[in-house]
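Trainee: Here's my sequence, what's the structure:
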Amino acid sequence: MVFVEFPHNLRNILSMEDLKNKDDFLKALRALDARFEEMEPELSVTLTDPEMGVEGYIVVWNTQISANGPLARMGKGGTRVTPSTTLDEVKMLARIMALKNAAAGLPLGGAKSGLKADSSTQDAEQKYKRFVELSKPYLHENGGVFGGFGYDIGARPEMAKWAVETLGSGRSFTGKPIDMGGTDYDVEGIAGLGVAVAAKSTLEHKKRTVAGSTFAVQGVGAMGAAVIRYFTEMGGTLKAVSDPRLGGSWFFTDGPPAGLVEMLGAGRIAPACALLESTNGHVTQPDSNAVLYAETDVLFPCAVQEVITAENADRILAAVVCEGANNPVTDTARTLLDERDICVIPDFIANPGGVIAAFVELTSDIPDADNFKTRAKVEAAKDMTRKRIAQNVKSVLNLSSLYSVRPTDAARFIALSNIFNLS
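Mentor: Next comes the predicted model:
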């Protein structure tokens, strides 16, 4: 049973039994949204070293959700490293992580960190290590509420090594290589695995199977590449794909050319381009957004935010839109798609595989040496991702059907209920 406590009136408590219809549900959701809007971060700090030109940020949005879990009073999220990173940006990202972690059903608060730097410069290592050093008092392993560092935009594989060298510990960096006791979730594509599972679960809810289904993917970065790999393994057939590095959008009448899925799934863009240009049986368009309008069973927007809007929502032909990127469909567009019976699985339900893997990495007691030999943490992270996301999608779609609301609204209701420990 889920209990919804309204802000400003502690006596006004709704239970699921009191939600008689759609209007009751939306009223309860508005109350939860209002309460979430009133929240302020539990920790927001700017860390600087003027002499080294270092400026970084840590924001922990919430920790109450983790109070009784194995990572008591901790918030977790990745680390963004760009020259334009700001405190406001990190706050926004930490807030999103609060929703994502809660929607995943993890007893883990939301957090994010950021470093204002160019990770490609020669002094990147020096600046990153200094930022990590300045962060020590706030780390959970040192008694703070910040769960530590991870990968985000601007991250480099070496950063795990830099952080561990600085701290003398691997407990405050997630996504580490397997030989360092990690799950290597970027390389393993665990977030993309979760997105593929979300689509599979949605099709099954619609009494359809992945086998024989067609799909389109916008963006073949780490997320899109993993989605292509895993959804193909599940039985799907790639019908269209786009990426600026591929020269736009490609459409396959009789399926992709032999070897293309393996190349794209491994991130081998140059050979994929050569293969596409040297084979027949497909159509290309220079517009990378053209892929969005392919007539497929599933569309995976895995590139950038807000590519499906009120202006182009009427051109979407897929039966299911499963968000791999962060917020690729605007809220207005989600409503328009829902009105056409196109099911949209929101990003914070579909793509938390990375933070699920981070949770496994932080809580596992498997020794590093054993993990390197057996890949036990990787397999545990994949297994938990499959089970969690499949169950979460089922819960969202059941709640959506019960109250005739958008899956996004059902997902938000579940996430916010978890944040406020009302479930």
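Trainee: for the stretch 51-200 of the chain, what spans make up the helices?
Mentor: Shown for the stretch 51-200 of the chain, the helices assigned by DSSP state H, counting those that start in this stretch span residues 87-103, 124-135, 159-167, 185-188, 190-205.
Trainee: Mean neighbour count, the ones you listed: which tops it?
Mentor: helix 190-205 (a mean of 27; mean count of other C-beta atoms under 10 Å). C-beta here means a position set from N, CA and C on the backbone, and glycine is covered the same way.
Trainee: Check which helices and strands it sits against.
Mentor: Counting contacts by 3 or more C-beta pairs under 8 Å, 6 or more residues apart in numbering; DSSP states H and E, helix 190-205 packs against helix 222-233, strand 298-301, strand 320-322, strand 343-345, helix 347-350, helix 353-363, helix 376-403.
Trainee: With residue 112 as the reference, name the closest of the ones you listed.
Mentor: helix 353-363 (11.1 Å; C-beta to C-beta).
Trainee: Just want the most central residue of this structure.
Mentor: residue 351 (3.4 Å; C-alpha atoms, centre = their mean).
Trainee: what's the closest non-adjacent residue to residue 222?
Mentor: Spatial nearest neighbour of residue 222, chain neighbours left out: residue 186 (5.6 Å); criterion: C-beta to C-beta, 6 or more residues apart in numbering.
Trainee: picking that back up, and among the helices and strands packed on helix 190-205, the most buried is which?
Mentor: Ranked by mean neighbours (mean count of other C-beta under 10 Å), these are led by strand 298-301, with a mean of 31.
Trainee: Could I get the average pLDDT for it?
Mentor: For strand 298-301, mean pLDDT is 98.
Trainee: how about that strand as CSV, C-alpha atoms only?
Mentor: Backbone C-alpha positions of strand 298-301 (Å, rounded to 0.1, in the frame of the first residue of the first chain) are rendered in CSV as follows:
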residue,chain,number,x,y,z
VAL,A,298,10.2,0.4,-30.6
LEU,A,299,12.0,3.7,-30.9
PHE,A,300,15.0,4.3,-28.7
PRO,A,301,16.1,8.0,-28.6
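Trainee: Paired strands for it, with orientation please.
Mentor: Here strand 298-301 is paired, per DSSP bridges, with strand 214-218 (parallel), strand 320-322 (parallel).
Trainee: just checking, residue 225 touches residue 266?
Mentor: Yes - Residue 225 is in contact with residue 266 according to C-beta atoms under 8 Å; the separation is 7.1 Å.
Trainee: How about the contacts made by the residue nearest to the centre of the chain?
Mentor: 100, 191, 194, 195, 198, 223, 323, 324, 326 (C-beta atoms under 8 Å, 6 or more residues apart in numbering).
Trainee: Roughly how far does it sit from residue 96?
Mentor: Distance, residue 351 to residue 96, using C-beta to C-beta, to the nearest Å: 11 Å.
Trainee: Equivalent analysis for residue 410, please.
Mentor: 18 Å.
Trainee: Ok, residue 196 next?
Mentor: For residue 196 relative to residue 96 (C-beta to C-beta), the value is 21 Å.
Trainee: Over to residue 68?
Mentor: Residue 68 is 24 Å from residue 96, by C-beta to C-beta.
Trainee: again, but for residue 413
Mentor: Applying C-beta to C-beta to residue 413 and residue 96 gives a distance of 17 Å.
Trainee: How about residue 43?
Mentor: Counting by C-beta to C-beta, the gap from residue 43 to residue 96 is 16 Å.
Trainee: so the nearest residue to residue 279 once chain neighbours are set aside is in which element?
Mentor: Spatial nearest neighbour of residue 279, excluding adjacent residues (C-beta to C-beta, 6+ apart): residue 257 at 4.3 Å. Using DSSP states H and E, residue 257 falls within no helix or strand.
Trainee: so who does residue 257 touch?
Mentor: Counting by C-beta under 8 Å, 6+ apart, residue 257 has contacts 275, 276, 279, 281, 282.
Trainee: In this structure, where is pLDDT below threshold?
Mentor: Residues of the chain meeting the criterion pLDDT under 70: 1-18, 422-423.
Trainee: again, only this time at 80
Mentor: The chain contains residues with pLDDT under 80 at 1-19, 281, 421-423.
Trainee: Check the burial of residue 139 by counting its neighbours.
Mentor: With neighbours defined by other C-beta atoms under 10 Å, the count for residue 139 comes to 21.
Trainee: Numbering from 6 from now on, please.
Mentor: Noted, 6 is the first residue going forward, which turns the last one into residue 144.
Trainee: For residue 150, see how far away it is.
Mentor: The value you get for residue 144 to residue 150, if C-beta to C-beta is used, is 9 Å.
Trainee: and if you look at residue 422?
Mentor: Taking C-beta to C-beta, one finds residue 422 at 22 Å from residue 150.
Trainee: repeat for residue 71
Mentor: On the measure of C-beta to C-beta, residue 71 and residue 150 end up 9 Å apart.
Trainee: Which neighbours do those two have in common?
Mentor: The contact lists of residue 71 and residue 150 share 78, 79, 80, 114, where a contact means C-beta under 8 Å, 6+ apart.
Trainee: What is the neighbour count of the closest residue to residue 313 other than its chain neighbours?
Mentor: Spatial nearest neighbour of residue 313, excluding adjacent residues (C-beta to C-beta, 6+ apart): residue 334 at 4.4 Å. Residues within reach of residue 334, counting by other C-beta under 10 Å, total 28.
Trainee: for residue 334, what are its contacts?
Mentor: Per C-beta under 8 Å, 6+ apart, neighbours of residue 334: 306, 311, 312, 313, 326, 328, 342, 349, 351.
Trainee: what about 7 Å?
Mentor: Counting by C-beta atoms under 7 Å, 6 or more residues apart in numbering, residue 334 touches 306, 313, 326, 328, 349.
Trainee: Need the contacts of residue 262 in CSV (columns: secondary structure, neighbour count and distance to residue 402).
Mentor: Formatted as CSV, the contacts of residue 262 follow (DSSP: H, G, I helix; E, B strand; the rest coil; neighbours: other C-beta atoms under 10 Å; distance: C-beta to C-beta, whole Å):
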residue, secondary structure, neighbour count, distance to residue 402
280, helix, 17, 37
281, helix, 20, 36
284, coil, 13, 38
286, coil, 10, 36
287, strand, 18, 33
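Trainee: Now render the residues you listed as CSV, adding distance to residue 173.
Mentor: Formatted as CSV, those follow (distance: C-beta to C-beta, whole Å):
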residue, distance to residue 173
280, 46
281, 48
284, 52
286, 56
287, 53
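Trainee: if I look at residue 312, how far off is residue 174?
Mentor: 40 Å.
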